[in-house]
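Chemist: model the structure of this input:
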Amino acid sequence: MTDATWVFDFPPYRPPSEAYSMLLRVTRGCPWNRCAFCSMYRKYPFGRRSVVDIKADIDRLVEVYGAGMTSVFFGDSNSLLLSAADLVEVLRYLHRSVPGLLRVTSYARAKTLLKKSPADLRAIRDAGLHRLHIGLESGDDEVLRMICKGATADEMIAAGQRVKEAGFECSMYVLLGIGGVEKTRQHRTGTIRVLNAVDPHFIRVRTLTPIPGTDIARWIAEGSFAPVSPLMSIEEERDIVAGLEVTSRFLNDHVSNMVPLDGRLPDDRQAMLDMLDAGMEYCRRHELGYRDYRAR
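Modeler: Purely as a prediction, here's the structure:
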């Protein structure tokens, strides 16, 4: 392939926390691609990129942006599906090419992590992959089955613990409202249990936003799924914050969230609860509560 025809293969998505990271596509699409709430990778057939192509992208990154980059995010949804040997080769090449690199991160599925041996995970970490982003969404098995997440709550715990044991930073995502009105209580309780068992370095919260074309959006249109109100979503988060016994950094770092939070547990718990209480009061004043919201 000549320079005239070669095109850099950018990942289409990355976490908000990687806004200033260089993006390096290691796989394409999502190997699972069945989650009821997600449409991100539906138009991207899953595939593993070759080490040769990934190295070519690294060379182009350095050519275009220079070797002064400090963080890189691996896309798409699950780079850990590459073999440990291939990931180690890519990571070593990346760090040689960008000697000042401070952080390399990636999404990872719980099931995939559990298929990697502790030795392989440690080798990948030692080669320079620093942080893994894991979509927990909910810690309740019934909710996880409903949304077709493809992993149980106990598998989420085992994956998070394995990530930490291998030396990675562990970032887990919670999706407020994903149980709907019917399952909101068990969603809260199960999520607290999983997060307390893992004690991830980061807990990142999102609020369910029904995307056209997803199963969740269809269920809402059919009337089989009652979405929580803004007030109830904040109540969910308040219960979760109050029930956590972790040392995590807790963040609402997404546009879907109504209340901005960024604190360290347990030290900042009360300040975060106070902000969530203020958000709940706002919802009450503006009639963003239970019955009114569901009737609109």
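Chemist: so Leu288 touches Pro230, yeah?
Modeler: Yes: taking C-beta atoms under 8 Å as the definition, Leu288 is a contact partner of Pro230 at 4.2 Å. Where you see a C-beta, it was placed from the backbone N, CA and C, and this is true even at glycine.
Chemist: mutual contacts of the two, please.
Modeler: Common neighbours of Leu288 and Pro230 (criterion: C-beta atoms under 8 Å, 6 or more residues apart in numbering): none identified.
Chemist: phi, psi of Ser106?
Modeler: In terms of degrees, to the nearest 10, the main-chain angles of Ser106 are phi -160, psi 150.
Chemist: tell me the SS of the residue lying closest to it once chain neighbours are set aside?
Modeler: Ranked by C-beta to C-beta, 6 or more residues apart in numbering and with sequence neighbours excluded, the top spatial neighbour of Ser106 is Phe74, at 3.9 Å. Under DSSP: H, G, I helix; E, B strand; the rest coil, Phe74 falls in the strand class.
Chemist: got the contact list for Gly150?
Modeler: Trp32, Arg34, Cys35, Arg109, Lys111.
Chemist: any idea how far Asn196 is from Leu175?
Modeler: To Asn196, Leu175 is 18 Å away according to C-beta to C-beta, to the nearest Å.
Chemist: quick one, which of those two is more surrounded?
Modeler: Of the pair Leu175 and Asn196, Leu175 is the one with more neighbours under other C-beta atoms under 10 Å, namely 26 against 15.
Chemist: the stretch 151-296 of the chain: helices as residue ranges?
Modeler: 153-165, 184-198, 215-222, 230-243, 269-285, 290-295 (DSSP state H, counting those that start in this stretch).
Chemist: I'd say Arg14 and Ser21 touch.
Modeler: Yes: the pair Arg14 and Ser21 qualifies as a contact (C-beta under 8 Å) at a distance of 6.8 Å.
Chemist: now do the shared contacts for those two.
Modeler: Phe73.
Chemist: wait, Leu80 touches Leu113, no?
Modeler: Yes: contact criterion C-beta under 8 Å: Leu80 and Leu113 qualify, at 6.4 Å.
Chemist: anything in contact with each of the two?
Modeler: Common neighbours of Leu80 and Leu113 (C-beta under 8 Å, 6+ apart) are Leu132.
Chemist: so how far is Ala217 from Val104?
Modeler: 34 Å.
Chemist: so between these two, which is more surrounded?
Modeler: Val104 (23 against 18).
Chemist: beta partners for the more buried one?
Modeler: Note on Val104: beta-bridge partners by DSSP bridges are Val72.
Chemist: so who does it touch?
Modeler: Ser71, Val72, Phe73, Phe74, Leu91, Leu94, Gly128, Leu129, His130, Arg131.
Chemist: next one: it, what pLDDT does it get?
Modeler: Note on Val104: pLDDT of 98.
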